[in-house]
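Undergrad: 3D, please:
(one chain, ligands or ions: 1)
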Amino acid sequence: MITDLAIRLAVPADAPAIAAMSRDYIEQGLPWSWQSQRIARAIRDPNTNVAVAGRADALVAFGIMSYLETDAHLLLFAVHHDHRRTGIGSAVLRWLEEVAQAAGSKRIRVEARRDNTAARHFYNEHGYHERQIASAMYRDGVDGIRLEKWLRAQS
Ligand SMILES: CC(C)(COP(=O)(O)OP(=O)(O)OC[C@H]1O[C@@H](n2cnc3c(N)ncnc32)[C@H](O)[C@@H]1OP(=O)(O)O)[C@@H](O)C(=O)NCCC(=O)NCCS
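TA: I've put the predicted structure just below:
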C-alpha cells in the first residue's frame, strides 16, 4: 500500500512523541537516551533532519538523519506499531535518502540490533547491505549489525 500521509520536518512540539516512540520501540529494555531534550536538539541541529509523518498528538513515524561530510547517518527510525507494513516507513526513509542525495552524501550508514529481523529485512529491501557484526554493541549485550547504502559509486 502506498501511504498518502504527508512527510514533514519535525517541529519542537513533535519532540515528546518522538522520544516516547524511541523509548517504546527502539530503546526498550535499555536506558532511555533519546529523551525530549535530545530530540529537540536534533530538531535544531542544522546538520540533522528529523522527518515525521502524522500530527504531533498522533505521530505515525519518524526518522532522524545526520549529514556529516560524505556520510549520512540514520540515527533513529520507527513507525507506530498500528501503521506498520503499510509503506509509511519506506516513504519516510525515501524522503531522508533524497535529502542525503541532494546534500551530496556518498553513503548512508545505519545500525540495527542483530535480533531485529524486521529492521534488517526493511533495510535490506531498501538496498542496504550488512557490512559488519558489532559484538555486544548494545548495553544489554546484544550484537549490532552495521549496514550501509552507497548513493554514489565508490572512487
Ligand atoms: C522496521 C520498521 C521501521 C519498518 O517500517 P514499516 O513502515 O512497517 O515498513 P514498510 O511497510 O515500508 O515495509 C517495507 C518492506 O520492508 C520489509 N519489512 C518491513 N517490516 C518487516 C517485518 N516485520 N518482517 C519482514 N520484512 C519486513 C518488507 O519487505 C516490506 O515490504 P512488504 O510489506 O511489501 O513485504 C518498523 O517495523 C519499526 O518501526 N520497527 C520498530 C523500530 C525499529 O526497529 N527501527 C529500526 C531500527 S533503528
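
Undergrad: now the element after the biggest strand by length in the chain, going C-ward?
TA: In the chain, assigned by DSSP state E, the strand with the most residues is strand 58-68. Beyond strand 58-68 on the C-terminal side, the first helix or strand identified by DSSP states H and E is strand 71-79.

Undergrad: now do Arg114, the pLDDT please.
TA: You'll see Arg114 listed with a pLDDT of 95.

Undergrad: wait, I meant Glu69
TA: Per-residue pLDDT puts Glu69 at 84.

Undergrad: roughly how far apart are it and the ligand?
TA: Taking Cβ to the nearest ligand atom, to the nearest Å as the measure, Glu69 falls 22 Å from the ligand. Where C-beta positions appear, they are placed from N, C-alpha and C, glycine not excepted.

Undergrad: surely Leu68 touches Thr48?
TA: No: Leu68 is beyond contact range of Thr48, at 9.5 Å (criterion: Cβ atoms under 8 Å).

Undergrad: so if I had to pick from those two, which one is more boxed in?
TA: Taking other Cβ atoms under 10 Å, Leu68 and Thr48 do not tie; Thr48 has more neighbours (17 against 11).

Undergrad: so what pairs up with that one in the strands?
TA: Beta-bridge pairing for Thr48 (DSSP bridges): Ser66.

Undergrad: can you pull out the strands in the protein?
TA: Using DSSP E, strands in the chain cover 7-9, 48-55, 58-68, 71-79, 107-113, 129-134, 144-150.

Undergrad: got the residues of this structure near the ligand?
TA: Residues of the chain lying close to the ligand (Cβ under 6 Å from any ligand atom) are 25-26, 77-79, 84-90, 112, 116, 118-119, 121-122, 125.

Undergrad: can I have the buried ones of the residues you listed as a ChimeraX selection?
TA: A single ChimeraX command selects the buried members of the residues of the chain next to the ligand (16 or more other Cβ atoms under 10 Å):
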select :26,77,78,79,84,86,87,88,89,90,112,116,119,122
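
Undergrad: what sits against whichever residue of the chain sits closest to the ligand?
TA: As assessed by Cβ to the nearest ligand atom, the ligand sits closest to Gly89 within the chain, at 2.6 Å. By Cβ atoms under 8 Å, 6 or more residues apart in numbering, the contact set of Gly89 is Ala61, Phe77, Val79, Phe122.

Undergrad: now the last one, nearest residue through space, not along the chain?
TA: Take Phe122 and drop its neighbours on the chain: the residue closest to it by Cβ to Cβ, 6 or more residues apart in numbering is Gly89, 6.1 Å away.
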